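> Starting from these lines, generate the structure:
(one chain, ligands or ions: 2)
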Amino acid sequence: MLGVIADDFTGASDIASFLVENGLRTVQMNGVPHSALEEEVDAIVISLKSRSNPVAEAIQQSLDALHWLQKNGATQFYFKYCSTFDSTEKGNIGPVTDALLEALGEDFTIITPALPVNGRTIFNGYLFVGQVLLNESGMQNHPITPMKDANLLRLMDCQAKGKTGLVPYAEVIKGAENVKQCFAQLKQQGYRYAVVDAVDNSQLDVLAQAVADMKLVTGGSGLAAYMAKHQAQGKTHQAFVPPKGKTVILSGSCSVMTNKQVADYQQKAATKWLDVEQALTRDDFVEELFSWVVKHLADQYAPLVYATVPPEQLKQIQQKFGAEIASQAIERTFAQLAGRLRDYGVTNFITAGGETSSIVVQQLGFKGFRIGKQIAPGVPWLATLDAPVYLALKSGNFGREAFFSQAQEMMQ
Ligand SMILES: Nc1ncnc2c1ncn2[C@@H]1O[C@H](COP(=O)(O)OP(=O)(O)O)[C@@H](O)[C@H]1O
Ligand SMILES: O=C(O)[C@@H](O)C(=O)COP(=O)(O)O
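Residues are numbered from 1 along each chain as shown. Ligands and ions are numbered 1, 2, ... in the order given. Below you'll find the model as predicted:
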């Protein structure tokens with residue numbers, strides 16, 4: 001059984017959706033569960049909010065997740081992080097990978113954020129988004145993890161204990177046996193991690209075969225899709241769509257794509273900006289947002305509350321209030337608002353942004369999720385295991401311009 005440790009909630013539903021689409025019976029859990037899993041499944045995904053926590057906390061959460069997965073029957077482990085890496089030279093991917101390797105008694109793994117279906121590819125160890133390098137893609141302006149370097153070897157060398165090598169494209173296309181030999185050579189030369197090039201899905205297919213016996217694999221959801229395909233051997237599962245119900249959209253991502261999605265939705269529905277200053281200074285601000293949402297719940301399209309701003313405005317806000325204070329105030333406001341709306345009877349939540357989605361789901365407190373139909377690659381509908389509540393957790397960069405209306409048009 002495959003045990004996945006995902007460093008945020010959008011990332012968790014992303015990988016879970018690809019596992020299901022490729023035939024594995026999968027559940028997604030909200031944090032490390034307190035009891036054993038009763039269902040019989042092929043894969044378990046644990047959603048953590050560990051991407052930008054202090055490193056010791058991220059390690060502890062990840063090890064707790066590993067131990068729970070081991071107790072619940074997982075035999076191979078996947079550390080899922082963002083396809084845009086979202087981890088600067090001080091980030092958690094290296095230290096968490098080291099801790100997981102150590103706990104499993106292993107000394108080698110791979111680094112593969114590639115997700116070609118969403119334009120994330122790796123060539124000569126550099127991560128591209130579409131046709132540009134990661135650090136030219138808009139990710140250099142990310143509010144929490146500004147990516148100023150696209151070289152995955154350099155990023156890992158700054159973060160992790162060991163040395164990082166490369167399996168270049170020319171070697172990957174020679175096939176799985178050759179890739180395994182490259183791993184063996186790198187290991188012999190004292191490397192602990194291998195960045196593996198992948199410019200399209202066929203390299204991920206090769207790589208999935210090369211890592212079939214690797215105890216710990218790390219990467220984005222692209223490789224996991226092919227690992228699932230090989231494990232499931234042609235099985236398929238029916239994915240659900242959510243029923244129509246009271247719906248709200250909460251957007252806390254400032255990515256290029258989310259900015260476009262908010263602009264698109266402003267032409268279609270009632271939208272309200274979450275002003276950081278008011279979030280910081282007014283005790284009744286959540287109540288005001290709540291009343292505004294309630295007023296629009298019967299509209300044709302659901303109301304959207306958004307903190308999303310373009311890079312220039314983000315810079316000004318961060319200079320005025322401090323980046324951490326601003327982001328915490330926004331996350332707190334979204335979490336409280338989501339809680340109020342759930343108590344009021346809202347059943348369908350669409351959230352944009354990894355940190356934003358994570359805090360909202362943690363606040364709502366459901367045990368876990370079944371995985372439904374994808375709205376866009378990597379963004380499925382989720383049904384909670386505990387109540388008739390449905391969520392779509394959209395990674396900042398995923399989906400097309402009309403994502404928010406498309407998600408609602410799928411409801412039956
Ligand atoms: N207007 C804003 N000013 C300052 N910080 C913001 C603003 N809007 C969003 N943020 C913060 O930026 C972060 C975005 O991260 P996240 O939700 O993970 O989005 P993404 O998926 O694009 O990475 C959140 O912590 C959020 O609170
Ligand atoms: O791999 C991805 O790109 C996503 O699954 C992901 O990790 C989402 O993170 P955010 O962009 O912070 O939503």
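> For stretch 265-283, which outside residues touch it?
Outside stretch 265-283, the residues within contact range by Cβ atoms under 8 Å, 6 or more residues apart in numbering are 249, 252, 262, 285, 288-289, 292-293, 296, 299-307, 317, 321, 325-326, 329-330, 332-334, 404-405. Where C-beta positions appear, they are placed from N, C-alpha and C, glycine not excepted.
> sorry, that was for stretch 221-238
2, 4, 11, 14-15, 17-25, 42-43, 78, 80, 83, 112-117, 120, 198, 201, 204-205, 207-209, 211-212, 217, 378.
> Give me the buried entries from the residues you listed.
Neighbour counting with 16 or more other Cβ atoms under 10 Å marks 2, 4, 11, 14-15, 17-25, 42-43, 78, 80, 83, 112-117, 120, 198, 201, 204-205, 207-208, 211, 217, 378 as buried within these.
> Which residues of the chain lie near ligand 2?
8, 10-11, 14, 82-84, 86, 115, 220-221, 353-354, 378, 395-397 (Cβ under 6 Å from any ligand atom).
> Out of those, which end up buried?
Looks like the residues of the chain next to ligand 2 have 8, 10-11, 14, 82-84, 86, 115, 220-221, 353-354, 378, 395-397 buried, using 16+ other Cβ under 10 Å.
> Show me what from the chain comes close to ligand 1.
142-144, 252-255, 276, 307-309, 314, 317-318, 326-327, 330-331, 353-356, 395-396.
> Next step: these restricted to strands.
Among the residues of the chain next to ligand 1, no residue falls in strands (DSSP state E).
> From these, which land in helices?
Mapping the residues of the chain next to ligand 1 onto helices (DSSP state H) picks out 276, 314, 317-318, 326-327, 330-331, 354-356.
> Using CSV, lay out these together with pLDDT and distance to residue 71.
CSV is the format used below for these (pLDDT from 0 to 100; distance: Cβ to Cβ, whole Å):
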residue, pLDDT, distance to residue 71
276, 97, 42
314, 97, 42
317, 97, 44
318, 97, 42
326, 97, 40
327, 96, 34
330, 97, 36
331, 96, 31
354, 93, 27
355, 93, 29
356, 95, 31
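> Going by distance to ligand 2, which of the residues you listed wins?
Relative to ligand 2, the closest of those is residue 354; by Cβ to the nearest ligand atom it sits at 2.4 Å.
> Does the closest one touch residue 397 like I think?
No. Using Cβ atoms under 8 Å, residue 354 is not in contact with residue 397; the gap is 9.6 Å.
> Longest strand in this protein, please.
Longest strand in the chain, counting by DSSP E: strand 368-376.
> Next SSE downstream of that one?
Using DSSP states H and E, the next helix or strand after strand 368-376 towards the C-terminus is strand 379-384.
> What strands line up against that following strand, and which way round?
strand 368-376 (antiparallel), strand 390-394 (antiparallel) (DSSP bridges).
> The stretch 151-300 of the chain: helices as residue ranges?
For the stretch 151-300 of the chain, the helices defined by DSSP state H, counting those that start in this stretch cover 152-159, 169-172, 176-188, 201-210, 221-232, 256-266, 276-281, 285-295.
> returning to that earlier point: give me the subset of the buried ones among the contacts of stretch 221-238 that lies in strands.
Using DSSP E, the buried ones among the contacts of stretch 221-238 in strands are 2, 4, 43, 78, 80, 112, 120, 217.
> Return the distance of the second one relative to ligand 1.
Spelled out, that is residue 4. 19 Å (Cβ to the nearest ligand atom, to the nearest Å).
> quick one: contacts for that residue?
12, 15-16, 19, 43-46, 77-80, 224.
> before we move on, the earlier item: what's the average pLDDT for the longest strand of the chain?
Strand 368-376 shows a mean pLDDT of 95.
> Check stretch 403-411 too.
97.
> Stretch 194-201 too?
The average pLDDT for stretch 194-201 rounds to 98.
> one step back: among the residues of the chain next to ligand 1, which ones are buried?
142-143, 252-255, 276, 307-309, 314, 317-318, 326-327, 330-331, 353-356, 395-396.
> Could you save the ones in strands among the buried ones among the contacts of stretch 221-238 as JSON lines and add columns showing distance to residue 364 and pLDDT?
Output for those, formatted as JSON lines (distance: Cβ to Cβ, whole Å; pLDDT from 0 to 100):
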{"residue": "2", "distance to residue 364": "26", "pLDDT": "98"}
{"residue": "4", "distance to residue 364": "21", "pLDDT": "98"}
{"residue": "43", "distance to residue 364": "23", "pLDDT": "97"}
{"residue": "78", "distance to residue 364": "25", "pLDDT": "98"}
{"residue": "80", "distance to residue 364": "21", "pLDDT": "98"}
{"residue": "112", "distance to residue 364": "32", "pLDDT": "97"}
{"residue": "120", "distance to residue 364": "29", "pLDDT": "98"}
{"residue": "217", "distance to residue 364": "30", "pLDDT": "98"}
